[in-house]
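**Q** 3D, please:
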Amino acid sequence: MNPANRQPIISVRELTAKYGECTVLDKISFEVNHGEIFIILGGSGCGKSTLMKCLIGLHQPANGAVFIDGERFPGTDEETYNRILRKIGVMYQSGALFGSMTIQENVRLAMDEFTPLTMDAKNAAVAAKLALVGLQDAAGKLPSELSGGMVKRAAIARALALDPAIVFLDEPSAGLDPITSAGLDATIIKLSRDLGITFVIVTHELASIYTLAGRCIMLDARTKGIIASGQPADLRDHPPNDLVKSFFHRQPLPTYS
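**A** Coordinates of the predicted model:
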């Protein structure tokens with residue numbers, strides 16, 4: 001389905017994010033459609049991580065709002081917050097797995113907390129999630145026994161534990177070699193295609209951006225806003241400004257006037 005024909009699952013409206021008196025993002029607006037792979041990119045300090053925190057409810061915007069499936073998030077009451085939270089999964093850059101727990105236990109953690117399933121049912125569900133990311137033989141291993149790419153895959157399996165509609169990935173390819181990164185990209189595409197999951201990915205890895213993204217937005221630290229949006233190949237071939245050109249062509253940044 002063409003993204004233009006899809007309905008938004010995430011709407012960000014006039015969002016301003018601050019830390020104290022420091023404004024990081026100023027009145028940004030965009031939408032993410034059901035089932036697409038959407039990428040947030042930009043240079044260091046542009047607000048990518050802050051925006052991610054706003055989208056998953058870890059940072060309260062100073063102004064504006066985030067809507068998930070039409071409901072304001074975090075919302076005004078705990079019931080709404082918890083209901084929306086069940087719709088999202090998150091993979092952090094480091095994987096953030098608990099080192100003293102097996103991969104099975106890490107993936108099962110949300111099921112232990114939020115479902116009434118029996119242990120056998122939960123373990124069966126964990127096995128299914130691990131199979132989706134190619135880790136069906138890793139359930140009994142500790143995170144320290146896995147490679148960097150396998151840790152990222154296990155973290156994605158944990159993000160899938162409660163069958164979310166949206167999965168947020170923070171720098172999934174960071175620290176991975178090109179072959180491992182390409183394999184992870186292929187897994188993300190397959191999950192999106194087979195399960196209809198919406199992925200929102202923060203990354204600056206150009207190879208992954210071209211492979212994964214249907215659309216992307218580019219943030220800028222100087223303007224504290226969105227300076228470009230669209231398909232990555234279009235932004236590469238027809239950059240709207242010098243900063244976008246420098247990013248997509250890996251060129252030195254021109255001096256601002």
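**Q** Would you point out the helix or strand in the chain whose mean pLDDT is lowest?
**A** Lowest on mean pLDDT, DSSP states H and E among the helices and strands of the chain sits helix 78-85, with a mean of 86.
**Q** For the one helix or strand Asn123 maps to, could you pull out the residues that count as buried?
**A** According to DSSP states H and E, Asn123 maps onto helix 119-132. Neighbour-count burial for helix 119-132 flags 122-123, 125-127, 129-130, 132 (criterion: 16 or more other C-beta atoms under 10 Å). In short, each C-beta sits where N, CA and C put it, glycine included.
**Q** For the stretch 101-250 of the chain, just list every one of the helices.
**A** In the stretch 101-250 of the chain, the helices defined using DSSP state H, counting those that start in this stretch lie at 103-114, 119-132, 148-159, 178-195, 206-212, 232-237, 242-248.
**Q** Compute the inter-axis angle for the fourth one and helix 119-132.
**A** This means helix 178-195. Counting by axes from the mean of the first three to the mean of the last three C-alpha atoms, to 10 degrees, helix 178-195 points 120 degrees away from the direction of helix 119-132.
**Q** re earlier: for the least confident helix or strand of the chain, which helices and strands make contact with it?
**A** Judged by 3 or more C-beta pairs under 8 Å, 6 or more residues apart in numbering; DSSP states H and E, the packing partners of helix 78-85 are strand 71-73.
**Q** partners of the strand it packs on, with directions?
**A** Strand 71-73 has the following strand partners under DSSP bridges: strand 63-68 (antiparallel).
**Q** Could you give me the buried positions within the strand it pairs with?
**A** 64, 66-68.
**Q** Now tabulate the helices of the stretch 101-250 of the chain in JSON lines and tack on distance to Pro8.
**A** As requested, the helices of the stretch 101-250 of the chain are exported to JSON lines (distance: least, C-beta to C-beta, whole Å):
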{"stretch": "helix 103-114", "distance to Pro8": "26"}
{"stretch": "helix 119-132", "distance to Pro8": "26"}
{"stretch": "helix 148-159", "distance to Pro8": "21"}
{"stretch": "helix 178-195", "distance to Pro8": "16"}
{"stretch": "helix 206-212", "distance to Pro8": "19"}
{"stretch": "helix 232-237", "distance to Pro8": "20"}
{"stretch": "helix 242-248", "distance to Pro8": "24"}
